[in-house]
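Asker: Okay, predicted coordinates and the sequence, questions at the end:
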Amino acid sequence: MPEQLLNDIRTTLASARSQLEYLSDLGVETLLRDAAGVELEQQSDASKSLDETLDAIREDLGDCQRCGLGASRKELVYGVGNPNARLVLVGEAPGREEDQKGEPFVGEAGRLLDRILQAMGMQREDVYICNVLKCRPPDNRDPQPEEVATCEAFLIRQIAAINPQVIIGLGRFAVHSLLKNKVPISRIRGEWQSYQGIPLMPTYHPAYLLRNPEGKRDVWEDMKEVMRRLNAEADNP
Ligand code: URA
Ligand code: URA
């Protein structure tokens with residue numbers, strides 16, 4: 001068998017194994033049936049907001065110094081993924097690795113997030129991933145309200161440009177910032193909310209799952225609910 005084909009098979013098997021391990025961590029046995037149903041086709045350009053492109057918003061941010069975080073960050077972390085994504089995931093703020101690379105969720109929590117997406121039958125490239133804050137707070141301290149207030153304008157424009165069908169809010173901080181409330185994440189997760197008129201599913205942050213793996217089962221329930229919603233939208237566009 002040619003070496004390249006063998007490598008492709010190895011890669012595919014490793015990816016399937018990672019997905020199955022995540023699912024069996026969760027005690028999920030019937031998930032592949034759920035995941036296989038997810039319609040991955042992206043929405044057509046005609047159905048999305050054409051007012052402003054993601055590139056134009058990025059250009060407007062420029063070498064942003066609108067809040068104090070501009071002075072200490074290395075890279076501004078704008079967001080990655082499909083500009084026509086049906087699903088947008090919003091985290092808190094870049095950490096050390098993201099600040100180095102300029103890309104969201106590339107550290108350990110990001111690898112877990114990739115596995116969650118795989119379990120949903122998706123890849124990073126299918127969705128759009130960003131954060132409430134685009135610059136790393138020094139020593140990963142909590143974001144300050146004025147930093148959120150300044151930065152959120154750009155998040156709102158990004159979401160309007162993508163016009164996704166579903167948003168996932170990752171973790172307490174992102175959910176509190178987006179919804180402007182302080183309802184404990186353990187109470188609000190799994191319950192549909194709304195952000196900028198788009199259904200938002202609050203769930204635990206992957207970094208929290210690294211410390212509390214027992215939360216993975218709840219996150220999988222939330223992800224199944226997201227898949228149900230995306231499938232329903234695909235059936236009734
Ligand atoms: N945690 C987040 O909330 N966002 C990232 O991009 C990385 C870690
Ligand atoms: N606490 C957090 O800060 N985030 C979570 O996702 C869960 C608990």
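Answerer: That came in fine, so what should we check first? Ligands and ions are numbered 1, 2, ... in the order given.

Asker: Poorly predicted segments of the protein, please.
Answerer: Residues of the chain meeting the criterion pLDDT under 70: 1-50.

Asker: what about the helices in it?
Answerer: For the chain, the helices defined by DSSP state H occupy 3-25, 31-36, 54-61, 69-72, 96-101, 108-119, 145-162, 171-179, 185-188, 206-211, 216-235.

Asker: wait, which of those helices is closest to residue 133?
Answerer: Smallest distance to residue 133 across those (CB to CB): 5.1 Å, for helix 145-162. Bear in mind the C-beta positions are built from the backbone N, C-alpha and C, glycine included.

Asker: Quick check: which of the helices of the chain has the most neighbours on average?
Answerer: Ranked by mean neighbour count under mean count of other CB atoms under 10 Å, the helices of the chain are led by helix 171-179, which reaches a mean of 23.

Asker: check whether that one contacts ligand 2.
Answerer: Yes: interface with ligand 2: helix 171-179 contributes 171, 172 (CB under 6 Å from any ligand atom).

Asker: So residue 194 sits against residue 201, correct?
Answerer: No: proximity of residue 194 to residue 201 does not meet the contact threshold set by CB atoms under 8 Å, at 10.6 Å.

Asker: So which of these two has more stuff around it?
Answerer: residue 201 (23 against 11; other CB atoms under 10 Å).

Asker: who does that one bridge with?
Answerer: Here residue 201 sits in beta bridges with residue 168, going by DSSP bridges.

Asker: before we move on, back to that, mind putting the helices of the chain into a markdown table with distance to residue 135?
Answerer: Shown next, in a markdown table, are these (distance: least, CB to CB, whole Å):
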| stretch | distance to residue 135 |
| --- | --- |
| helix 3-25 | 30 |
| helix 31-36 | 35 |
| helix 54-61 | 10 |
| helix 69-72 | 4 |
| helix 96-101 | 8 |
| helix 108-119 | 17 |
| helix 145-162 | 8 |
| helix 171-179 | 15 |
| helix 185-188 | 23 |
| helix 206-211 | 18 |
| helix 216-235 | 27 |
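
Asker: Now render those helices as TSV, adding distance to ligand 1.
Answerer: Output for those, formatted as TSV (distance: least, CB to the nearest ligand atom, whole Å):
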stretch	distance to ligand 1
helix 3-25	18
helix 31-36	24
helix 54-61	16
helix 69-72	14
helix 96-101	4
helix 108-119	5
helix 145-162	13
helix 171-179	6
helix 185-188	13
helix 206-211	6
helix 216-235	14
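
Asker: Noted, bye for now.
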